[in-house]
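Q: give the three-dimensional model of this entry:
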Amino acid sequence: MIGKESPEKWEEQVLRFVPHGQLRAIAPYLPRGESSKLQPYFYEMILYDYLKNDQSAFLGLIREWNPPPELFNVTTIINAVVDHLIIYDPENRFLLQALADLYSYQKKFGKALAMYLKLQDPQVFSLIQRYGLYEEIESCIEDLMHLNVSEAINLFMKHKERLTPSIVISRLEGNRYYQYLYLDVLYKGEGKDMKPEFNGMMVSLYADYGPSYLLQFLKSSDSYPIQEALDICKQRKLYAEMIFLLGRMGNTKEALRLIIYVLDDIYQAIDFCKEHDDTELWEDLINFSLDKPSYITILLCNIGTYVDPRILIQKIENGREIPGLRDCLVKILQDYNLQMELQEEDQECGSCHKGILVGDNSGEDSNLLYFFCKHIFHVSCISSFDYQNCIICNLPRRATGLLEKL
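A: Next up, the predicted model:
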């Protein structure tokens with residue numbers, strides 16, 4: 001057995017294997033300690049043999065013999081690998097991976113990154129974080145997205161102080177979809193705290209790639225160019241977003257027109273008018289609905305607490321058939337009569353017995369439940385299971401207030 005402290009004897013033995021072409025047989029046994037290692041030439045000789053005959057094992061040996069200590073001259077082996085690639089097999093993955101590792105040993109991380117990216121090797125993310133290569137990857141941002149979108153974005157998010165959103169977006173200028181994926185994660189992570197510099201871009205990106213999130217974004221931010229946002233939504237016929245933007249711009253009449261004539265949704269139109277609580281807007285809704293008999297009935301049954309129903313009734317054309325009009329008017333009159341009866345009496349909550357001022361729209365008396373039996377309750381005084389029938393006499397509930405002004 002050759003002693004561990006006899007590198008010269010080891011070198012003699014290695015040379016004896018050369019004529020027989022058996023260098024690879026002795027490779028696993030060579031000493032690699034700092035004090036017992038051989039001259040670099042002997043390790044390089046064995047690596048050349050592997051490079052020529054077994055590239056997979058060559059890669060394994062490069063990784064097994066990685067410094068420290070430096071057993072071979074890294075530059076010498078790099079040159080040999082490059083020559084082999086050029087002459088014999090430019091796409092050999094084992095040699096390209098070995099070359100990437102060798103560049104890493106030399107701390108030539110830019111070249112190592114280029115090799116890993118060419119190979120589409122996920123090791124690139126470990127390399128970046130291990131050596132803090134955040135400046136080096138600025139030119140590789142799109143390539144990293146190609147390799148693994150989620151891992152790349154996580155990397156950018158984790159190191160925003162170095163890989164700022166401005167840098168990332170500028171490097172992704174040629175790929176709007178990647179810009180969308182990155183900004184979407186940035187927005188969902190930072191919300192309103194996100195700097196507004198990309199808000200205008202985000203409107204366009206959400207419109208193209210994530211329209212289901214666009215309305216939420218428009219509502220949560222007020223720092224995008226609103227006219228530009230409206231134009232983008234018009235081009236793509238994003239009506240819900242157009243309605244919101246028109247309302248924010250104060251053009252509620254045009255928004256209401258969209259709801260009626262494009263979406264054909266009277267219930268949304270009523271909700272829109274309730275939200276904006278504007279007398280002129282209610283008048284616009286009435287006027288838009290006069291040629292739609294089914295709308296008239298729905299309006300009569302829903303606008304009593306906001307608009308005097310007589311305004312709508314007086315505008316209905318003589319002789320026009322309105323489906324369900326009779327039942328709707330009967331209901332309005334019943335509600336009105338009940339309201340009048342309630343106002344004539346001193347009222348108190350049937351549960352807590354506190355006095356109630358009917359018709360007062362402020363304070364706790366504004367949230368009441370009325371029943372046919374004329375009992376009244378604060379909503380807060382009874383459970384949700386008791387809403388339909390009076391808890392005193394079990395008669396059903398009546399909705400009031402539809403005709404307060406009739």
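Q: what mean pLDDT does the helix or strand harbouring residue 82 get?
A: Here residue 82 sits within helix 74-87, counting by DSSP states H and E. Taken as a whole, helix 74-87 has an average pLDDT of 96.
Q: just give me the residue closest to the centre of the chain.
A: Note on the chain: the residue nearest the mean C-alpha position is residue 184, at 4.4 Å, using CA atoms, centre = their mean.
Q: verify the stated contact: that one with residue 210.
A: Yes - in this structure, residue 184 is within contact of residue 210 by CB atoms under 8 Å, at 6.3 Å. Where C-beta positions appear, they are placed from N, C-alpha and C, glycine not excepted.
Q: how about low-confidence regions in the stretch 51-200 of the chain?
A: Under the criterion pLDDT under 70, no range of the stretch 51-200 of the chain is flagged.
Q: quick one, strands of it?
A: Assigned by DSSP state E, counting those that start in this stretch, the stretch 51-200 of the chain shows no strands.
Q: all helices for it, in order.
A: For the stretch 51-200 of the chain, the helices defined by DSSP state H, counting those that start in this stretch occupy 55-64, 74-87, 93-105, 109-119, 123-131, 141-147, 149-158, 165-171, 176-190, 199-209.
Q: likewise the stretch 201-350 of the chain?
A: Under the criterion DSSP H, counting those that start in this stretch, the stretch 201-350 of the chain contains helices at 211-220, 226-236, 239-249, 252-258, 266-276, 279-289, 293-300, 309-315, 325-344.
Q: just checking, what packs against the first one?
A: What that stands for is helix 211-220. Here helix 211-220 touches helix 199-209, helix 226-236, helix 239-249, going by 3 or more CB pairs under 8 Å, 6 or more residues apart in numbering; DSSP states H and E.
Q: burial check on residue 175, number of neighbours?
A: If you count neighbours by other CB atoms under 10 Å, residue 175 ends up with 15.
Q: what sits against it?
A: 142, 145 (CB atoms under 8 Å, 6 or more residues apart in numbering).
Q: against residue 149, how distant is it?
A: According to CB to CB, to the nearest Å, residue 175 stands 11 Å off from residue 149.
Q: relative to residue 246, how far out is the residue nearest to residue 247 when sequence neighbours are not counted?
A: Among residues not flanking residue 247 along the chain, residue 255 sits closest, at 5.0 Å (CB to CB, 6 or more residues apart in numbering). Distance, residue 255 to residue 246, by CB to CB: 4 Å.
Q: who has more neighbours, those two?
A: Between residue 255 and residue 246, counted using other CB under 10 Å, residue 255 has the larger neighbour count: 23 against 20.
Q: correct me if wrong: that one contacts residue 243.
A: Yes - assessed by CB under 8 Å, residue 255 is found in contact with residue 243 at 4.6 Å.
Q: ok, how many other residues are close to residue 261?
A: Residue 261: 9 surrounding residues under other CB under 10 Å.
Q: which residue is the nearest non-sequential neighbour of it?
A: Leaving aside its chain neighbours, residue 261 sits nearest to residue 288 (7.6 Å; criterion: CB to CB, 6+ apart).
Q: over to residue 128?
A: Excluding the flanking residues, the one nearest residue 128 by CB to CB, 6+ apart is residue 137, at 5.8 Å.
Q: just to check, the one you found is in contact with residue 144?
A: Yes - the pair residue 137 / residue 144 is scored as a contact, 6.5 Å apart, by CB under 8 Å.
Q: more neighbours: which of these two?
A: Between residue 137 and residue 144, residue 137 has the larger neighbour count (other CB under 10 Å), namely 25 against 21.
Q: pull up the gap between that one and residue 106, please.
A: Distance, residue 137 to residue 106, by CB to CB: 18 Å.
Q: go on, residue 351?
A: Using CB to CB, residue 351 is found at 84 Å from residue 106.
Q: of the two, who's got more company?
A: Neighbours per residue (other CB under 10 Å) separate residue 351 from residue 106, with residue 351 holding more: 16 against 13.
Q: sec struct for that one, please.
A: Under the three-state scheme (DSSP: H, G, I helix; E, B strand; the rest coil), residue 351 adopts coil.
Q: thought it was touching residue 379?
A: No - counting by CB under 8 Å, residue 351 does not reach residue 379; the two are 10.4 Å apart.
Q: phi, psi of residue 375?
A: Residue 375 adopts backbone torsions of phi -80, psi 150, taken as degrees, to the nearest 10.
Q: same deal with the one 3 residues further on?
A: Main-chain torsions, residue 378, degrees, to the nearest 10: phi -70, psi 140.
Q: which strand residues bridge it?
A: Listed beta-bridge partners, residue 378: residue 368 (assigned using DSSP bridges).
Q: mind listing what it touches?
A: Contacts of residue 378 (CB under 8 Å, 6+ apart): 349, 351-352, 354, 356, 364-365, 367-369.
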